[in-house]
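Colleague: Predicted model follows, preceded by the sequence.
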Amino acid sequence: MASSKLNKKVFDLKEASTTVKDLRITFDSGKTRSYEWKVSQLKALLELTEKHEKEIVEALYSDLSKSEAESFIQEVGMLKNSCKTALKELKHWMAPEKVKTSITTFPSSAEIVSEPFGVVLVISAWNYPFLLSLDPVIGAIAAGNAVVLKPSEIAPATSSLLAKLLGEYMDNSSIRVVEGAVDETSALLQQKWDKIFYTGNGRVARIVMAAAAKHLTPVVLELGGKSPVVVDSNINLQVAARRIIAGKWGCNNGQACISPDYIITTKDYAPKLVDALKTELEQFYGKNPLESKDLSRIVNSNHFDRLIRLLDDDKVSGKIVHGGEKDKSKLRISPTVLLDVPRDSLIMSEEIFGPLLPIITVDKLDESFDVINSAPKPLAAYIFTNNNKLKEQFVKTVSAGGLVIDDTTIHLAVHTLPFGGVGESGVGAYHGKFSFDAFSHKKAVLYRSFFGDASIRYPPYTSTKTRLMKALMGGGFLAIIRALFGRS
Amino acid sequence: MNNNIGVEVEETVRDLRQYFKTGKTRSVTWRKNQLKALLNLIHENEDAISKALYQDLGKHPVEAYRDEIGGVEKSAQNSLDCVEKWMAPKKSNIPLVFFPAKGELLPEPLGVVLIFSSWNFPIMMALDPIIGAISAGNVVVIKPSEQAPACSSFLANILPHYLDPNAIKVVEGGGDVCEQVFLQKWDKIFFTGSPRVASIVMSSAARNLTPVTLELGGKCPAIFDYPSDFKMAVKRIVGAKWGVCSGQACIAIDYLLVEEKYSSELIELLKKFMRKFYGDNMMESKALSRIINKHHFERLRNLLKDPLVAASIVHGGSVDETNLFIEPTILLDPPLDAEIMTEEIFGPLLPVITVNKIQESIEFINSRPKPLAIYAFTKDATFKKKIVSETSSGSVTFNDTLVQFLCDTLPFGGVGQSGFGRYHGKYSFDTFSHEKAVLHRHLCLEIEPRYPPWSKFKLEFLRLAYRLNYFGLVLHMVLHMLGLKRHN
């Protein structure tokens, strides 16, 4: 295996250009547009997921120390469902949409036809390296595109497995995996793509969009942000605490774009909340969470150091009310809860993406909305409350990609809801039909006939014609009748 | 000087952002009032608008009404009628497995939006996107094209008298102003213009991850396949080429494709209708717009300088430098590698390209960048299907020209080099909105298998849940409760 690495071709600009050229030839042949091809590819994805679940789970464990249950629930299971949904709905998604036409273009009929963009690039992330690679690919295939997938090099076992399995199961003339890091990604980004789908962080997203701008390539950017949780009093605290924990540490140990980043609650309620979190954390992960097999580790030492730095500040470390243990050799940090860290600390200005959960307190819960809205728009925002007025206010005033009331993160699994950000948290959306739409161009088609041409359309322009035309545009019925039978 | 402009622009954006934060622009009353005010603006200033359009482009008042004033009126009225419906949350069906849950999609304004309008339809291209932005509840900066100074000036003077001056601001100027404008952070940029400038706009937008809509152009071909009404088809072509800003339109017919054996009949009929509409001395016709400025005049004149191109002129070719007027010109089979056939013409020159069989048009079109519109005059249903499924463009219109622009139920936008994003009707509202996903859950019904510590029972439960195997789920739980299934 070492020798194959030495012989591995360097993926440079020339390789990138050849790859795109090859895929374009395949795409131009029309192969990827047929229903049969799409179904065969989606079925192949499903098959590789089902047959190789064990290897996938092992790769995820190698990359992230993700537990089997989490790998199944959040990556394998979700991907399988996504395939099945696409297979079930594809015919319906592909059908042209008939639209009404108004009297202004009478007589006419119109429809909107979905067509693939062409050759698309999917750049995936390291935290859900299996799901975030293949879920967008499902959308690209369903819409009939040829695809290059660039998995994250920070999850190398999964990247390697994806290259192997897709190479074995998928149509290589139209679907390719390119492994690599910055150099390979740069080579890819210099090519002309018909669409780029990027999952990751805001810094790289800017590079992706700037590269796309050179070719006027449309993009989808699935980013992140500081997803807040507003916690009200008078709620079923045990269930709320469980759902917060499940969304935070249960999602790759907080390393997820929609993980609860921080909590806002009232000064009075905070102690109760902290107690509930402590109790449930112990229930979930035992007395020695550093040893728990149900928690993913921190992905690498870079991120480990980054997270430790967030706690470095004296004003922050003093606010730890639970956890704070770490083991660098194992890249583990125990579930850590902090109370009332300073608002201008690093932990409150950067996306945490890890197992640290700050709780900030306010006097009245209405204040939380200003706190949230004064920060960049997050990918998700959550609220736990029984107060309907508060719920309404939250929904109305908090701007985020998606909102969940009385739960966290679960909306990711609902394929009838668009999943995407706004502002700093991203552009575009996907999941379910939204994936198909993200990778399709919606072409307007208008069928006209020669019956009833309006002579008023043509010069020489007379005042009569002008009057008639105004009537036609404004829809005056009698005038339209006259116009329809106008002589040429 | 730049400093002053910079400070002014910065202040403008700051003021707009403050105003947006007050929430005033989100109420349906505010939006309707703005749309009503816009309608009043149109009704009360029709003459002034016509005058400005005549000054900038020599547009005939009927053309001004048909292509600009009437269009804006129609759009504003349609938005006024529908905005409340568009604003309403849309219910989303949530799969049973998430019970109890309710889902909805809530449109919300993006915030501070920037609209760049083009010079060829300087009123329509400014006000139509503004209608969309207002309907969606945003605050707006409109930067009209400095190449149509009378219209730019008109908008700057008149808009503050009708629309809320705190929410809609006009920023006039050229490159130096654009430079300062690009330094600001926008929540959306809507650009109508050329691909070259679009690339600059998108690169600048990338700095802040600002979503963009780019309405560009391209070489819009018209396929002429002996239609059922030859005469009417030719009339429509003449009207669509020269009758709309002298061919200076993104959806104007750029060139014609016709079978060799019909080319002379077609050209004779073209000449006949041209004379009918524009008189025997077309240079004197009041129904033809002039070229916008010297730069474009020279550009168009240069297209004809190539001797091989000049030799292919079969009608017209005269120019009047003083009045910036170019005669409606037809060319027969100019060389395909000449600039007139590689660049978007955007003027009154119509190349007629002959092919052996009309089916060859598809390959001809596909070997060139995707245009904003494809027109086809044909009665062959199979050929129609082929055109729709084998070519790619913003839109396809059969047996007519340009009218797709008036159809509010069809999305108007490009693909590839002709742009991305779309508007008109509800698409305008959507383009300036963020569709926020909202999932309502409850704290009452709790499914224990959601949480760690993980066990075989929980994993099996989740597998069944994923398969939406409700029966299996119930059975699994019952058996477990009865102790008939042992799990650790």
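Modeller: Cool, got the structure.

Colleague: Surely residue A:401 is in contact with residue B:437?
Modeller: Yes: judged on C-beta atoms under 8 Å, residue A:401 makes contact with residue B:437 at a distance of 7.2 Å. Just so you know, the C-beta spots here come from the backbone N, C-alpha and C atoms, and that holds for glycine as well.

Colleague: more crowded one of these two?
Modeller: residue A:401 (30 against 25; other C-beta atoms under 10 Å in any protein chain shown).

Colleague: Going by the annotation, which residue ranges form each domain of the chain?
Modeller: Looking at chain A here, since you left the chain open. Structural domains of chain A, as assigned by the TED database, span the residue ranges A:13-223+A:431-442, A:228-422, A:454-485.

Colleague: if you could check chain B rather than the one you did, that'd help
Modeller: B:1-216+B:424-436, B:221-411, B:448-482.

Colleague: Spell out which parts of the stretch 101-250 of chain A neighbour chain B.
Modeller: For the stretch 101-250 of chain A, the contact set with chain B under C-beta under 8 Å from any C-beta of the partner chain comprises A:101-102, A:104-105, A:108, A:110, A:112-113, A:115, A:117-118, A:194, A:202, A:205-206, A:209-210, A:212-214, A:216, A:218, A:221, A:223, A:235-236, A:239-240, A:242, A:245-246, A:250.

Colleague: picking that back up, quick one: the domains of chain B as JSON lines, columns for mean neighbour count too.
Modeller: As requested, those are exported to JSON lines (neighbours: other C-beta atoms under 10 Å in any protein chain shown):
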{"stretch": "domain B:1-216+B:424-436", "mean neighbour count": "20"}
{"stretch": "domain B:221-411", "mean neighbour count": "20"}
{"stretch": "domain B:448-482", "mean neighbour count": "16"}
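
Colleague: any chance of the ones you listed in CSV, with mean pLDDT too?
Modeller: Output for the domains of chain B, formatted as CSV (pLDDT from 0 to 100):
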stretch, mean pLDDT
domain B:1-216+B:424-436, 96
domain B:221-411, 95
domain B:448-482, 79
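
Colleague: Of all the ones you listed, which one is nearest residue A:180?
Modeller: When the domains of chain B are compared for distance to residue A:180 using C-beta to C-beta, the nearest one is domain B:1-216+B:424-436, at 22.6 Å.

Colleague: OK, now which residue of the stretch 51-200 of chain A is nearest to chain B?
Modeller: residue A:69 (3.8 Å; C-beta to the nearest C-beta).

Colleague: can I assume that residue sits in a strand?
Modeller: No: Residue A:69 sits outside any strand when classified using DSSP: H, G, I helix; E, B strand; the rest coil, being helix.

Colleague: tell me, how many neighbours does it end up with?
Modeller: For residue A:69, the tally of surrounding residues (other C-beta under 10 Å) stands at 22.

Colleague: dump the residue contacts of it.
Modeller: With contacts defined as C-beta atoms under 8 Å, 6 or more residues apart in numbering or on different chains, residue A:69 is in contact with A:294, B:452, B:454, B:458, B:459, B:462.

Colleague: hmm, back to that, lowest average confidence across the domains of chain A, which one?
Modeller: Comparing mean pLDDT across the domains of chain A, the lowest value falls on domain A:454-485: a mean of 67.

Colleague: Double-check residue B:358 against residue B:225; I have them as touching.
Modeller: Yes: under the criterion of C-beta under 8 Å, residue B:358 lies in contact with residue B:225, with a separation of 4.4 Å.

Colleague: Between those two, which contacts overlap?
Modeller: Common neighbours of residue B:358 and residue B:225, counting by C-beta under 8 Å, 6+ apart, are B:258, B:259, B:378, B:383.

Colleague: List the ones among those that fall in helices.
Modeller: Assignment to helices by DSSP state H places the following of the shared contacts of residue B:358 and residue B:225 there: residue B:383.

Colleague: Show residues contacting stretch A:75-95.
Modeller: Stretch A:75-95 is touched from outside by A:35, A:38-39, A:42-43, A:45-46, A:49-50, A:53, A:56-57, A:60, A:66, A:114, A:128, A:130-131, A:134-135, A:138-139, A:141-142, A:412-413, A:415, A:431-433, A:435-436, B:462-463, B:466, with contacts defined as C-beta under 8 Å, 6+ apart.

Colleague: Mind doing that once more with 6 Å?
Modeller: Counting contacts by C-beta atoms under 6 Å, 6 or more residues apart in numbering or on different chains, the residues outside stretch A:75-95 that touch it are A:42, A:45-46, A:49, A:53, A:56, A:128, A:130-131, A:134-135, A:138, A:142, A:415, A:432-433, A:436, B:466.

Colleague: Next: stretch A:107-123.
Modeller: Residues outside stretch A:107-123 that contact it (C-beta under 6 Å, 6+ apart): A:20, A:23-24, A:27, A:96-99, A:101, A:136-137, A:140, A:143-150, A:193-198, A:440-449, A:451, B:392, B:410.

Colleague: tell me which residues in it are buried?
Modeller: Within stretch A:107-123, the residues that qualify as buried are A:108, A:110-123, counting by 16 or more other C-beta atoms under 10 Å in any protein chain shown.

Colleague: Residue A:397: neighbour count?
Modeller: 15.

Colleague: Spell out the secondary structure type for the residue nearest to it when sequence neighbours are not counted.
Modeller: Take residue A:397 and drop its neighbours on the chain: the residue closest to it by C-beta to C-beta, 6 or more residues apart in numbering or on different chains is residue A:369, 5.0 Å away. Following three-state DSSP, we place residue A:369 in the helix state.
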